[in-house]
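Engineer: Sequence first, predicted model second:
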Amino acid sequence: MTLDNGAEVIIGFEVHLELNTATKLFCPCATAFGAAPNTSVCPVCLGHPGVLPALNQEAVALAVRAAVALGCRINLVSRFDRKNYFYADLPKGYQISQFDRPLAESGSVALLGTDRKVRIRRIHMEEEAGKLNHEGESLWTADSSLVDFNRAGIPLIEIVSEPDMRSPEDGRLYLHSLIRTLSYLDVSDLRMEEGSLRCDANISLKPAGYEGDLEDLPRVELKNVNSIRNVVRGLEYEIARQAALLDVGGTVARETRGFDDASGTTLSQRSKEAANDYRYFPEPDLLPLRLEAAWVDEVRQALPMLPEAWAAKMMGYGVRGQDAEVLVSDPGLVRFAEATHAAGAPFPDVVSWILGDVARLQNAHHLPYGEGPLCAERLARLMALIGDGTLSGRMAKEVLEAIYDDDEDPDAIVAARGLRQVSDIDALTIIVGTVIDANGKVAEDFRAGKDKALAFLVGQVMKATRGQAEPAVVNRLLRERLLGGNPL
Amino acid sequence: MSGPLDLSLTEAVGATKSGGISTSELVRAYLARIARWNDTYHVFLDVLEESATRRARELEQLSAEEREALPLYGAPIAIKDNLVLDRGSTTAGSRILEGYHAPYAATVVERLERAGAVVLGKANLDEFAMGSSTEHSAYGPTLNPWDPARVPGGSSGGSAAAVAARLGLAALGSDTGGSIRQPAAYCGVVGLLPTYGRVSRYGLIAFASSLDQVGPITRTVDDAAALLAVIAGFDPRDQTSLHEPPPAVFPEASVKGLRLGVLSSYPDGMDPVVRAALEQTMRALQDAGAHLVPVELPEPTRALAAYYVIAPAEASSNLSRYDGVRYGLRKDAEGLYALYDETRAAGFGTEVKNRVMLGTFALSAGYYDAYYGRAMAVRKTIAEGYDRIFGQVDALLCPTTPDLPFRLGERLADPWRMYLSDLYTVSFNLAGLPALSVPTGLHSGLPTAVQVAGPRLSETLLFRIGRAIESVAPPMPAPDLKEGGAA
Ligand SMILES: [Zn+2]
């Protein structure tokens, strides 16, 4: 994106991700979201005197899984460092993080719908801080603040991109692409609104003709953005703000700015924290993190199929590209489609069912795909019952609803409700005859060319069979009987 | 004076197990002596009379078989007050932790109690273990049991004084730059700095994490070995602790055929009494069959400089948690940063503030390489220097301190001279090596001592040499406690 004044937009991201381990990074406290304040705490995560961190290997495994999925090189020896600063939500007065020897480096994310990639500079592990609840507008004006340390010590990874994005739209694509890949890994809940995923954007404008290092451009860090939509809004606002400053010969200050949802603007965060010298030094309470190359290979081998591969596989089944993209937007969706197929249902019918009624009902019941009463086997069986003519499409929908209500197999529901499509020609022919005899006037109308009259007769036959006749067969029999054709 | 208080740890445990004395009688004898003398010598910051009495009674209920399984059955032990305990107070000698009650117990204390020991109380120390005299305790200094006008050393001065004065059968201290060995030397008792990682630091209030170790202070070398055997070993809560079995409890005593490194030169200002005591020990060990090999210590003054960068740097970070938000002292103030400023200004003593500022500076952007980075490089050089030395000799014999216990107040205005008493101790912390201070007798009523250091995990060898030193030194009497002093 090049602005009117010739400046180019330069965007990079730091994405923080809470790993969904059972316990915290350095202590045995549970990581459950939504517990009563300060109930999932212990001397270690409260920073009591004398405590030491004990590294959670599950967190290391999840971090490595995410890093290899993003194509990073894993550093077999990495190191934890202390990032020192004072804040009320930081129990020890330092955060255990990784500074100059991070867990992983040099990965990439393919931008959705383009042939471009955004490079990942590094991924490192660190611990989460507690949560402050200010009784007032901000920490600086609040009468008091309450601290909840349940979150303190939850494992995080920080994914740092290179400044490879050139527009807010690139930023949006990057975050969608990154989150889509991560969603296949089961490493994090990825909930921006709950804070388990946080995006800080770095944005600067490169004036036309600038030849220097991008890192040296005055850069604004955009924080407190709780949705991708707001990231885009914040970036757009910043571009306009910085461009206006440059146009009048001003300079852009290197600072942290917060996005204000209500006004759609960004505000400078002139906290003392921003001016901090973090005094990083190696964490003496932890040994360097050493990983076996063979173990990293195992993690890589154990990676699930990622969205690009899934999309290709779906298209291989004959699924349209657009539908394939929708399917892979949710790993549960595409895995459910695949499982239903594996249980015997054909593509592309599977797709229309899953993207149609199944999606509607799963959402209505707030269920992830594959969970709840509708398993892949039941859906495949339901589709088989249509295929063999046992159920009409309309009946199948009724059975599908019933699966959610009764949590029963389709066959059991069909039997219990007597839902069997009448396709016995002899039985139907008799009913068709009876209906024509009873509606002589309508039959005459049809013979006289009023096509609509047929629909009434079909309806009467359906009524007589309590809906279990196959409409197409009824239609054919009525036409034959009324317009001649085969004598019966 | 002669009675239960004069039994060594090994003797006392033998007596309680055989029924020669009950655990209650033994604990009562110590508590009575503490009640008599603690106000004068100010050894304990908190005496756990009730829990110690109760524990002693519980121990009596055990069967003979159960008692036999407890290597420290009924042993009354003092704990330095920077080791947390889930009862009583824990202050680390600081106002900032006044009234703090820890919610858990240190691994070493758990291990002691599981082995049958009875914790008598929390011994005095320099604030956050920063000092060499206990004069930096926010609660007042401990007096030297041999001369109440003199310091007991530090920072584990309370622990060493307790053991010397028979106010504890043994004690735990912590050693970051000499804080076990120097007070042991000043008080005429045995003190061991274990190999870094030998003993869990979980529950030791951190001063400088990469240097801190917990270790025993006892009346005999055998007692130190017995205590170490209980507290040593891997602890999953301290990932820097080593997967090493505890060393042997009863080492042999012979030094025959051992190559012992001795200093080829001594610094100016070394007390001639200290030097004479050292040389006498050297001769006696030589007579006992050791080969003395002159060696040069790797840069003792640079070691001291590196130590006084690394230790404050780590301390500046370790002490950040004392911010008035969650526990300990809190000064109400307008706003968060004012709360920090006022709480820390009121809660920390001058020495702690000096070191926090020094350490903060050493880690600051633009200074890191010149100070912390360079100090870490020196540290590596020193460790390599010791690797070379221990390629040539089995162990090293050197002074624990270059001086005798100094007078209270004498060095408060002269921190550098105070720091100099760490000259022979800090380099072993920097290199992560074990070192043992053993008393060699009395000179004009003041104790003298020597230090034996060895390669990593050589504690058994150090105990062996230590026993040999004990056997050639005159027996240490109990000090004669008296009223008064310069407190
Ligand atoms: Zn915890």
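Structural biologist: That came through fine.
Engineer: can you give me phi and psi for A:Asn150?
Structural biologist: Taking degrees, to the nearest 10, you get phi -60, psi -40 for the backbone angles of A:Asn150.
Engineer: who's in contact with the residue of the stretch 301-450 of chain A found nearest chain B?
Structural biologist: Of all residues in the stretch 301-450 of chain A, A:Ala302 sits closest to chain B, at 25.7 Å by C-beta to the nearest C-beta. Placement of C-beta: from N, CA and C, glycine included. The contact partners of A:Ala302, taken as C-beta atoms under 8 Å, 6 or more residues apart in numbering or on different chains, are A:Arg65.
Engineer: Next one: it relative to A:Asp186, how far apart?
Structural biologist: Note on A:Ala302: its distance to A:Asp186, by C-beta to C-beta, to the nearest Å, is 11 Å.
Engineer: Up against chain A, what does the stretch 51-200 of chain B have?
Structural biologist: B:82-84, B:90, B:92, B:97, B:100, B:102-104, B:106 (C-beta under 8 Å from any C-beta of the partner chain).
Engineer: Nearest spatial neighbour of B:Val108, chain-adjacent residues omitted?
Structural biologist: Leaving aside its sequence neighbours, B:Val108 sits nearest to B:Ile231 (C-beta to C-beta, 6 or more residues apart in numbering or on different chains; 4.5 Å).
Engineer: Write the PyMOL selection for whichever of the residues of the stretch 51-200 of chain B next to chain A are buried.
Structural biologist: Those of these that count as buried under 16 or more other C-beta atoms under 10 Å in any protein chain shown are selected in PyMOL with:
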select buried, chain B and resi 82+83+84+90+92+97+100+102+104+106
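Engineer: contact partners of the helix or strand that B:Val108 is a member of?
Structural biologist: Assigned by DSSP states H and E, B:Val108 falls within helix B:107-114. With C-beta under 8 Å, 6+ apart as the test, helix B:107-114 has contacts from B:55, B:72, B:77, B:79, B:83-85, B:105, B:119, B:172, B:199-200, B:202-204, B:214, B:227, B:230-231, B:233, B:235, B:237-238.
Engineer: Where does pLDDT dip in the chain?
Structural biologist: The chain I'm using is chain A. The model of chain A has pLDDT under 70 over residues A:136-142, A:270-275, A:419-424, A:485-488.
Engineer: Switch to chain B, please.
Structural biologist: Low-confidence segments of chain B (pLDDT under 70): B:1-2, B:251, B:418, B:484-487.
Engineer: swap the cut-off to 50 and go again
Structural biologist: Applying pLDDT under 50 to chain B picks out residues B:1, B:485-487.
Engineer: So which residues of it form strands?
Structural biologist: B:44-47, B:76-80, B:118-123, B:170-175, B:190-193, B:213-218, B:259-263, B:291-295, B:395-399, B:435-443, B:446-453 (DSSP state E).
Engineer: I'd like those as TSV, with distance to A:Ala312 and mean neighbour count appended.
Structural biologist: Converted to TSV, the strands of chain B look like this (distance: least, C-beta to C-beta, whole Å; neighbours: other C-beta atoms under 10 Å in any protein chain shown):
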stretch	distance to A:Ala312	mean neighbour count
strand B:44-47	70	22
strand B:76-80	66	31
strand B:118-123	67	28
strand B:170-175	62	30
strand B:190-193	63	34
strand B:213-218	58	31
strand B:259-263	70	19
strand B:291-295	70	16
strand B:395-399	68	24
strand B:435-443	65	25
strand B:446-453	66	26
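Engineer: got the phi/psi numbers for A:Leu246?
Structural biologist: Per degrees, to the nearest 10, the backbone of A:Leu246 is at phi -70, psi -40.
Engineer: Next, find the distance separating it from A:Asp170.
Structural biologist: Distance from A:Leu246 to A:Asp170, by C-beta to C-beta: 20 Å.
Engineer: Contacts only, for B:Met130.
Structural biologist: With C-beta under 8 Å, 6+ apart, B:Met130 has these contacts: B:136, B:155, B:207, B:315, B:351-352, B:355.
Engineer: between those residues, which has the most around it?
Structural biologist: B:Ser155 (35 neighbours; other C-beta atoms under 10 Å in any protein chain shown).
Engineer: List the contacts of that one.
Structural biologist: Contact analysis of B:Ser155 by C-beta under 8 Å, 6+ apart lists B:93, B:125-126, B:129-132, B:134, B:136, B:174, B:176, B:179, B:183.
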